[in-house]
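[1] quick one: sequence and predicted model below, then my questions.
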Amino acid sequence: MSKRFYRVDSMKDISFFDKGELARIQNAFVFEISWEVANKVGGIYTVLRSKANVTVDELGDQYCLLGPYKEHIARTEVEFVEFPRNSPYLTAVNKLRQNGFQVHTGRWLVDGNPQVVLFDVGSGAWKLHDYKRELWNSANIGIPWEDSECNDSMIFGFLVADFLQEFYKASDEEADQAPKIVAHFHEWLAGVGLIMLRVRHAEISTIFTTHATLLGRFLCAGNVDFYNNMDKINVDEEAGKRQIYHRYCMERAAAHLCHVFTTVSDITAFEAQHLLKRKPDLVTPNGLNVKKFAALHEFQNLHALAKDKINDFVRGHFYGHYDFDLDKTIYLFSAGRYEFMNKGVDMFIEALARLNHYLQATDSDKTVIAFMIFPTRTNNFNVDSLRGQAITKQLRDTIHDIQNHIGKRLYEVCLNGKIPRDDEILLAEERVKLKRCIYALQRTNLPPITTHNIVDDHIDPVLTTLRRCKLFNHKHDKVKAVFHPEFLSSTSPLLGMDYEEFVRGCHLGVFPSYYEPWGYTPAECTVMGIPSITTNLSGFGCFMQEHIADPMSYGIYVVDRRFRNPEESVQQLATFMFDFTKLNRRQRIIQRNRTERLSDLLDWRNLGMYYHQARRLALHRVFPEIAADESGGVGRFKYPRPISEPSSPSSSRGTTPHPSEHGSDADDDVDEEAEVKAISGQA
């Protein structure tokens with residue numbers, strides 16, 4: 001019976017959450033160094049922020065993050081406090097301050113409140129010439145003067161290396177045993193610090209994690225058949241052509257000099273092996289800080305509430321052409337950085353055109369609204385979009401007032417023992433108000449595709465592709481497109497929702513990425529119980545295929561972009577979306593229950609084991625007396641097929657009753673109680 005209630009949290013968990021008690025006894029410390037510590041730039045910020053709580057539970061104040069000081073961001077991200085007296089942290093910080101550098105300390109205002117040390121890169125600019133000379137003499141890496149980003153990363157790296165060396169001296173003097181320090185560097189922007197620690201022969205264990213190789217990102221953005229020709233790429237020549245050779249050298253040197261080299265996924269490990277010429281020692285998948293709700297399956301209620309808000313936006317955006325049933329409307333969305341090819345936006349729009357044809361050819365009663373959320377340069381809100389929201393709001397307010405008046409009149413007439421006449425229910429002046437609102441809803445132009453006025457919209461990749469595919473939001477179109485070229489915000493006058501709330505209100509996330517080392521967007525969908533489409537070229541897709549026996553049964557659709565040509569991949573993506581539109585409300589509820597069941601698989605309390613293994617391995621390579629952690633972690637577990645799904649291959653003899661097909665109405669025993677509650681109208 002217990003097999004029907006399997007979850008990953010019952011299979012594996014980190015068992016050494018002691019708030020750093022063991023680390024204090026061993027005089028062990030862990031530092032994580034990244035350009036995105038308390039500085040939101042990309043996905044690494046999410047990795048560090050979400051992992052902080054679990055790492056603090058494991059290491060306590062033996063854990064500290066090092067990053068650059070960006071005043072306008074740090075003021076809202078960090079609570080600035082000094083380290084305690086006689087602390088090796090304070091000793092190292094004061095040493096750098098005495099040398100003329102500005103160093104800020106405090107605690108990051110995220111779950112776990114980890115310690116942070118932020119270095120003001122500008123305060124070290126006077127040493128830039130000396131740093132470049134030392135880097136050239138010790139590692140033969142030259143940095144052009146005009147590359148300001150590399151200059152900043154080099155100053156940051158030297159400050160980090162100086163701090164860690166001073167910290168080692170201070171902790172060595174204060175304790176009876178030599179300190180055991182692990183310095184974990186993320187991406188090439190922090191790589192100079194690792195290089196200098198190694199060439200200076202510091203007795204510090206080092207880890208280098210690449211979340212995406214520099215050259216890989218540039219090649220994929222240049223429309224190159226990357227994965228089929230990776231072994232044929234002349235890395236030095238290609239880096240030189242793109243004027244990033246010095247950056248490539250920094251990244252490759254860090255990857256080869258570190259004690260332990262890790263990547264975030266198997267697909268990135270394959271890429272690093274060919275481009276950086278070193279096979280990673282470990283794969284450390286990215287997780288999320290999964291927060292459980294007090295009420296079981298509360299995510300179903302949150303989906304219904306968020307969907308109502310999206311419905312309000314859709315009513316205003318499509319006023320005058322609002323001839324479809326919202327109860328039979330499917331909300332798809334894609335979001336992320338505006339990398340048109342890398343994020344698979346081109347394939348998404350192509351597949352939407354096919355989906356539009358499929359729905360029209362089959363005379364489907366479903367309507368699909370596809371949201372594309374990719375920030376780009378805009379002038380301001382689209383006037384037509386604002387007008388639509390204002391007109392529908394006016395209609396809603398007018399009807400609300402009339403409802404109140406009608407209710408009072410009905411009450412008075414009925415008190416007199418009469419049945420109200422039509423003219424007593426709706427007065428003539430109220431009828432005029434309604435007519436004015438209804439006439440205001442009429443429009444001759446089509447609903448807008450974009451919610452904002454985009455700069456250079458005639459060459460914008462999304463808009464030009466939508467025009468080519470003839471997705472213009474006509475009445476006869478079954479697929480409607482909405483391009484929101486700005487990050488979502490709850491203060492927006494159009495779609496007043498933050499990103500998390502918006503995701504909960506949608507039915508399916510679509511992320512057919514071509515270059516995606518991990519992919520946080522489908523992972524976030526999963527922990528919120530929203531099915532998603534990903535690819536086998538994304539780290540998330542590979543991870544799910546490895547750990548789930550049948551990902552599609554759990555609402556994880558994986559498009560094959562590695563072993564199929566683009567046309568076949570587009571057709572597969574369109575088929576996935578078309579099959580999803582054929583699910584009824586009950587089937588979508590069942591699938592959301594299954595998808596949410598995977599959230600523990602992506603929880604840092606399980607995936608943090610991989611980082612623990614990397615730290616133990618790094619310590620082992622510097623201090624052989626420390627044994628490496630050989631436990632398997634989540635990677636040894638294969639998520640089974642749902643109980644209500646048929647086995648594969650199916651038996652040659654039919655069962656009685658017939659076995660359920662994918663997405664059938666058959667009960668999923670695991671979530672039966674929640675499904676019964678949800679069927680009452682929360683789709």
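    That came through, no problem. Numbers count the residues shown, from 1 in each chain.
[2] quick one: neighbours of Asp600, just the number.
    Neighbour count of Asp600, defined by other CB atoms under 10 Å: 20. Where C-beta positions appear, they are placed from N, C-alpha and C, glycine not excepted.
[3] ok, now the one 3 residues further on?
    Number of residues near Asp603 (other CB under 10 Å) recorded here: 23.
[4] for Glu237, same thing?
    10.
[5] tell me how far it lies from Tyr245.
    Glu237 sits 9 Å away from Tyr245, going by CB to CB, to the nearest Å.
[6] over to Leu602?
    Going from Leu602 to Tyr245 by CB to CB gives 37 Å.
[7] between those two, which is the more surrounded one?
    A direct count of neighbours by other CB under 10 Å for Leu602 and Tyr245 places Leu602 higher, at 27 against 19.
[8] report the separation between that one and Met497.
    Taken as CB to CB, the span from Leu602 to Met497 is 23 Å.
[9] next: Pro517.
    Distance from Pro517 to Met497, counting by CB to CB: 28 Å.
[10] between the two, which one's more packed in?
    Pro517 (25 against 19).
[11] quick one, phi/psi of that one?
    The phi and psi values for Pro517, taken as degrees, to the nearest 10, are phi -50, psi -40.
[12] contacting residues for it?
    Taking CB atoms under 8 Å, 6 or more residues apart in numbering as the contact definition, Pro517 lies against 211-212, 263-265, 267-268, 271, 538-539.
[13] do Gln442 as well
    Gln442 touches Gly320, counting by CB under 8 Å, 6+ apart.
[14] which strand or helix spans it?
    Under the criterion DSSP states H and E, no helix or strand holds Gln442.
[15] helices or strands up against whichever strand or helix holds Phe167?
    Element membership of Phe167, judged by DSSP H and E, is helix 148-174. Packed against helix 148-174 by the contact rule (3 or more CB pairs under 8 Å, 6 or more residues apart in numbering; DSSP states H and E) you find strand 28-33, strand 63-68, helix 88-98, strand 115-119, helix 128-139, strand 180-186, helix 191-199, helix 245-257.
[16] do a quick rundown of the helices in the stretch 401-550 of the chain.
    Remark: helices assigned in the stretch 401-550 of the chain by DSSP state H, counting those that start in this stretch are 422-425, 428-440, 461-468, 499-505, 520-527, 539-547.
[17] can you redo the ones you listed as JSON lines with distance to Thr46, mean neighbour count and mean pLDDT?
    Listed next are the helices of the stretch 401-550 of the chain as JSON lines, based on distance: least, CB to CB, whole Å; neighbours: other CB atoms under 10 Å; pLDDT from 0 to 100:
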{"stretch": "helix 422-425", "distance to Thr46": "55", "mean neighbour count": "10", "mean pLDDT": "83"}
{"stretch": "helix 428-440", "distance to Thr46": "43", "mean neighbour count": "12", "mean pLDDT": "88"}
{"stretch": "helix 461-468", "distance to Thr46": "24", "mean neighbour count": "17", "mean pLDDT": "97"}
{"stretch": "helix 499-505", "distance to Thr46": "12", "mean neighbour count": "19", "mean pLDDT": "95"}
{"stretch": "helix 520-527", "distance to Thr46": "6", "mean neighbour count": "25", "mean pLDDT": "94"}
{"stretch": "helix 539-547", "distance to Thr46": "13", "mean neighbour count": "24", "mean pLDDT": "93"}
